[in-house]
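Colleague: Build me a structure from this.
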Amino acid sequence: MYQKERIDLACAFRWTARMGMHEAVANHLSLAVNKEGTKFLINPIKHFSRIKASDLLLLDGNDPPDINDPLGPDPTAWGLHGAIHRNCPHAVCVLHAHPIYSTVLASLNDSKLPPIDQNSASFYNRYVIDENYGGLAFEEEGERCAAMLNDPLKKVMIMGNHGVLVIGADVADVFNRFYYFERAAETYIKSLWTQKPLRILSDKIAKKTALELENYPDLSLIFFDNLKALLDEEEPSYRD
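Modeller: All right, here's what the predicted structure looks like:
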């Protein structure tokens, strides 16, 4: 059941690992599969590079799983993703990870991403910063985070002291946004390393650039189809 959705998710896991944006057997990626958005696929506790389509768990945001089940989800996966899928039907796909540059950004006292290049400008006024980290993402923390995702324009949460969370319409959309946000964060952090003044775009140009990119032909599906094609050639087991 939901074979296409499972294959897409498995591809995203494999590429998150290939790009070095995963963390051991932690971090999670989920996808709603019903109209209400409450039923969703999510990864078990397994290294991203080994995840196959058939490994993915099917959960219901209104029906807590047995957290003590060794084949069940990570408790924080349920706490965070369950809360978001239960409360935010516009968040069809949810990716939470700790890639290094996004996490460095989230660790700064000022976690804003200034528009210093085209990639960072694409996120202008399109992210929310969580400045009230409260510990591991069990259900209470998940509910708190979900309440911050009520603006459909803001599809990235910079999770202060934690990492990054990205939402979107489907797996290709979310993976594309995740990839570009980490690239933008890397550019910004490495720019700070130079200790030289930053060339920050004006609000007017940053806003204009973000809108232009938002209305630009969507390349996320082409990007993602190419990622699947590469896996089909090199490690087709992701489809199993």
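Colleague: measure stretch 155-175 end to end?
Modeller: Counting by Cα to Cα, to the nearest Å, the length from the leading to the trailing residue of stretch 155-175 is 12 Å.
Colleague: Stretch 82-97 now?
Modeller: Stretch 82-97 has its terminal residues 16 Å apart, counting by Cα to Cα.
Colleague: Show me what counts as buried in it.
Modeller: Applying a neighbour-count criterion of 16 or more other Cβ atoms under 10 Å, the buried positions in stretch 82-97 are 82-88, 91-97. For the C-beta atoms, the positions are set from N, CA and C on the backbone; glycine is no exception.
Colleague: quick check, nearest of these to L136?
Modeller: Using Cβ to Cβ, the shortest approach to L136 within the buried residues of stretch 82-97 belongs to H96, at 12.3 Å.
Colleague: and that closest one, that's in a helix?
Modeller: No: using DSSP: H, G, I helix; E, B strand; the rest coil, the secondary structure at H96 is strand, not a helix.
Colleague: For it, which non-adjacent residue is spatially closest?
Modeller: Distances taken as Cβ to Cβ, 6 or more residues apart in numbering place L165 nearest to H96, at 4.6 Å, with adjacent residues excluded.
Colleague: Take the buried residues of stretch 82-97 and lay them out in a markdown table including pLDDT and distance to D232.
Modeller: Putting the buried residues of stretch 82-97 into a markdown table (pLDDT from 0 to 100; distance: Cβ to Cβ, whole Å) gives the following:
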| residue | pLDDT | distance to D232 |
| --- | --- | --- |
| G82 | 97 | 32 |
| A83 | 97 | 35 |
| I84 | 98 | 31 |
| H85 | 98 | 29 |
| R86 | 97 | 35 |
| N87 | 97 | 36 |
| C88 | 97 | 33 |
| A91 | 98 | 29 |
| V92 | 98 | 25 |
| C93 | 98 | 21 |
| V94 | 98 | 26 |
| L95 | 98 | 22 |
| H96 | 98 | 27 |
| A97 | 98 | 24 |
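Colleague: Please name the residues that touch the residue nearest to K52 when sequence neighbours are not counted.
Modeller: Ranked by Cβ to Cβ, 6+ apart and with sequence neighbours excluded, the top spatial neighbour of K52 is D240, at 4.5 Å. When contacts are counted by Cβ atoms under 8 Å, 6 or more residues apart in numbering, D240 is found next to 52-54.
Colleague: top of those residues by neighbour count?
Modeller: A53 (21 neighbours; other Cβ atoms under 10 Å).
Colleague: For the residue nearest to it when sequence neighbours are not counted, grab the count of nearby residues.
Modeller: Distances taken as Cβ to Cβ, 6+ apart put R6 closest to A53, at 3.7 Å, once the chain neighbours are dropped. Burial of R6 is recorded as 23 neighbouring residues (other Cβ under 10 Å).
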